[in-house]
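>>> the following comprises the amino acid sequence and a computationally predicted model.
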Amino acid sequence: MNEIIKEQILSIRKSGVTNMFDVNRVQYEANERGFYELVVYLIDHKAEYAHFIMTGEVDGNK
């Protein structure tokens, strides 16, 4: 996960528009906001995404 994707996730979380565990809705919101990096990332990295949502850690680092 790079810094751009992390910032996009945090932006959606801050908006409060969806439960962040509803990956399909997060992906929809990302698309609506033009966060195409996040849209693509979520296709193949759901486990890494969930780990970040639960712990705030990216690859074992905060």
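That came in fine, so what should we check first? Numbering: from 1, shown residues only.

>>> now the longest helix seen in the chain: buried residues?
Of all segments of type helix in the chain, defined using DSSP state H, the longest is helix 3-15. Neighbour-count burial for helix 3-15 flags 5, 8-9, 12 (criterion: 16 or more other Cβ atoms under 10 Å). Where C-beta positions appear, they are placed from N, C-alpha and C, glycine not excepted.

>>> and stretch 48-56, how far from the chain's centre?
9 Å (Cα atoms, centre = their mean, to the nearest Å).

>>> next one: stretch 14-25
Between the mean C-alpha location of stretch 14-25 and the chain-wide mean there is a distance of 9 Å, by Cα atoms, centre = their mean.

>>> which elements pack onto the helix-or-strand element of the chain with minimal mean pLDDT?
Ranking every helix and strand in the chain by mean pLDDT, DSSP states H and E puts helix 46-55 at the bottom, with a mean of 95. With contacts defined as 3 or more Cβ pairs under 8 Å, 6 or more residues apart in numbering; DSSP states H and E, the secondary structure elements packing on helix 46-55 are helix 3-15.

>>> what are the contacting residues of the helix it packs on?
Counting by Cβ atoms under 8 Å, 6 or more residues apart in numbering, helix 3-15 makes contact with 18, 20, 26, 29-30, 33, 35, 37-38, 41, 49, 52-53, 58, all of which sit outside it.

>>> at 10 Å what do you get?
Contact with helix 3-15 is made by 1-2, 18, 20, 25-27, 29-30, 32-42, 45, 48-49, 52-53, 56, 58, as judged by Cβ atoms under 10 Å, 6 or more residues apart in numbering.

>>> for E57, give me phi and psi.
Here the main-chain torsion angles of E57 (degrees, to the nearest 10) amount to phi -100, psi 140.
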